[in-house]
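Visitor: quick check, what structure comes out for this input:
(2 chains)
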There are 2 protein chains.
Amino acid sequence: MDVFEMDRGFMRMAIEEAKKAEEIGEVPIGAVIVKDGEVIARAHNLRETSQNAVTHAELSAIQDACQEIGSWRLEETTLYVTLEPCPMCAGAILQSRIPRVVYGARDPKGGCVDSLYRLLNDPRFNHECEVAEGVLGDECGAMLTNFFRSLREKKKEQKKAMRKVE
Amino acid sequence: MDVFEMDRGFMRMAIEEAKKAEEIGEVPIGAVIVKDGEVIARAHNLRETSQNAVTHAELSAIQDACQEIGSWRLEETTLYVTLEPCPMCAGAILQSRIPRVVYGARDPKGGCVDSLYRLLNDPRFNHECEVAEGVLGDECGAMLTNFFRSLREKKKEQKKAMRKVE
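Guide: Modelled structure (predicted):
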C-alpha cells in the first residue's frame, strides 16, 4: 500500500468520526491520530454537546493520544483531519510536536495551515510540520456544505412554522 | 478601585497560580478568568505533570470557565495570564469569544498576541479582543527568568556530580 492509499484510508476514518458529529447536530469535523500504522486516537467536534469551546476534533484527539502514549510529545505520529485546522488546533499540533498533518478541505475563513496563516511552517516556532492537503478534500468539504445547507433549510422551515402559529 | 488597580489585583492571582506551577517543577505560568468582578476559573501550567500537551494555564482555565458558566461562549469575561499566549491559547481565546485579555510579560519566541503574530486582532477571524499588556510584566517575566536560570544551574551541578562519580 503506497502512502496516498494509506492517507486516504485514515482520512476515511476521520470522515467516519465527522459523521458521528453530524448525527448529533454538531458541525461534521473528525480527526484521527496514527502511530506506526495504528490509530491511537480518534475524535469529533463536540462543541455544542459539551458547551466547551476547546472540544474541536483535533484538540480532543491530541489529548487522547497524549494519554495513550503517556507523553506530551506525539513524535512519529500523523494527524488526519477533515478540515484545515483553526489557530487553536494548529497551535496544539505545534505544542504536541506532531510531525505530519494531513487535512481534507481548506477553511478559507479560519484555516491557519494554508489559508489565513501558515502556522505549521513558521521557522520562528520551535516545531514545524510536514503538511499534505486535499486528501478526500471534496468529500470532506461537501459534508460541511451539505450540513450548513440543511441547517439553513431547517431554520427557514422553523420561521415559516412560526409565522403560521402567529 | 480603578481598572488599573483591578487588573493588578487579578494579575497577582495569576502570579499566585504561576507559583503553584513552579513549586512542582513546571514552567511558572498562571491564568485566571474573571466575570462580573469575580474569579470563575484559575489554572496553572501542568504540561510535565499531566504529560498532556494542551494543559497550558489559559487552556485549562478556559475549559473550567466553560464548565462553570455552562456555555462555550465566555462573554463578558476577562482573561489574565502572566505570559503572552502561544498560538494554541490565543486560538482558544478566539474560540471561546473572551472579549478582554490582560497579560504580563511578552514572549518574543512564541507569543501570538503581539510578538510573532497579532492573532487576537485580526478582523478576518470571527472574533477580536481588547488586549492590555505589561500588567505586573516585570514580576511575571522575572519569575520565568529565575526559573530557567535555576534550572540551568541545577543541570550544571548534576553534570559536575556525574563527573565526580565517573
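
Visitor: let me know the pLDDT of the residue nearest the centre of chain A.
Guide: Computing the C-alpha centroid of chain A and ranking residues by Cα atoms, centre = their mean puts residue A:81 first, at 3.7 Å. Note for residue A:81: predicted pLDDT of 98.

Visitor: contacting residues for the nearest residue to it once chain neighbours are set aside?
Guide: Sequence neighbours aside, residue A:31 is the residue nearest to residue A:81 in space, at 4.2 Å (criterion: Cβ to Cβ, 6 or more residues apart in numbering or on different chains). Backbone N, C-alpha and C define where each C-beta goes, glycine included. Applying Cβ atoms under 8 Å, 6 or more residues apart in numbering or on different chains, we find residue A:31 in contact with A:14, A:17, A:42-44, A:57-58, A:60-61, A:79-82.

Visitor: just the residues you listed: which are in helices?
Guide: Secondary structure assignment (DSSP state H) places A:14, A:17, A:57, A:58, A:60, A:61 from those within helices.

Visitor: show me the two of these that sit farthest apart.
Guide: Maximum pairwise distance among the ones in helices among the contacts of residue A:31 (Cβ to Cβ): 12.5 Å, between A:14 and A:60.

Visitor: so which of the two has more stuff around it?
Guide: Summary of the neighbour comparison: residue A:14 and residue A:60, criterion other Cβ atoms under 10 Å in any protein chain shown, with residue A:14 having more neighbours (32 against 24).

Visitor: is that one in contact with residue A:105, as I believe?
Guide: No - here residue A:14 does not reach residue A:105: they are 11.3 Å apart, not a contact under Cβ atoms under 8 Å.

Visitor: list residues touching both of the two?
Guide: Taking Cβ under 8 Å, 6+ apart as the contact rule, residue A:14 and residue A:105 both touch A:82, A:140.

Visitor: and the contacts of residue A:31 as CSV, adding distance to residue B:96?
Guide: Rendered in CSV, the data for the contacts of residue A:31 read as follows (distance: Cβ to Cβ, whole Å):
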residue, distance to residue B:96
A:14, 24
A:17, 23
A:42, 24
A:43, 19
A:44, 19
A:57, 17
A:58, 16
A:60, 15
A:61, 19
A:79, 22
A:80, 25
A:81, 20
A:82, 22
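
Visitor: what subset of the residues you listed is buried?
Guide: Neighbour-count burial (16 or more other Cβ atoms under 10 Å in any protein chain shown) applied to the contacts of residue A:31 gives A:14, A:17, A:42-44, A:57-58, A:60-61, A:79-82.

Visitor: ok, of those residues, which one's closest to residue B:116?
Guide: Taking Cβ to Cβ as the measure, residue B:116 sits nearest to residue A:58 out of those, at 21.0 Å.

Visitor: and the gap between residue A:130 and residue A:100?
Guide: Residue A:130 sits 5 Å away from residue A:100 when distances are taken as Cβ to Cβ, to the nearest Å.

Visitor: more neighbours: these two, which one.
Guide: Neighbours were counted for residue A:130 and for residue A:100 using other Cβ under 10 Å; residue A:100 has more, 17 against 12.
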